[in-house]
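This is the structure alone, sequence omitted:
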């Protein structure tokens, strides 16, 4: 499982945790997050995230 950081605001998507409040189950890989999903903090698109090591 990887983590992805928003390059705009620094919010982190953790594949292990998912985002259940937005319908993204724990264990959902980044590539399986819907393409129209946006950062819950700033509205950035998936293209504005990069994989990170926390």
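Great, that's in hand. Quick caveat, the model's predicted, so the values are computed rather than measured. Numbers count the residues shown, from 1 in each chain.

so where does the nearest residue to residue 19 once chain neighbours are set aside fall, helix or strand?
Excluding the flanking residues, the one nearest residue 19 by Cβ to Cβ, 6 or more residues apart in numbering is residue 13, at 6.9 Å. The C-beta positions use only the backbone N, C-alpha and C, and glycine is treated the same way. Using DSSP states H and E, residue 13 maps to strand 12-14.

Just after that strand, pick out the following helix or strand.
Counting by DSSP H and E, what follows strand 12-14 is strand 49-52.

contacts for that following strand?
2, 3, 4, 5, 6, 7, 12, 13, 30, 39 (Cβ atoms under 8 Å, 6 or more residues apart in numbering).

who does it pair up with?
Sheet neighbours of strand 49-52, with direction, are listed as strand 3-6 (antiparallel) (DSSP bridges).

ok now the strand it pairs with, how far from the chain's centre?
Distance of strand 3-6 from its chain centroid, counting by Cα atoms, centre = their mean, to the nearest Å, is 6 Å.

got the contact list for that strand?
So strand 3-6 is contacted by 11-15, 30, 39, 41-42, 44, 48-54 (Cβ under 8 Å, 6+ apart).
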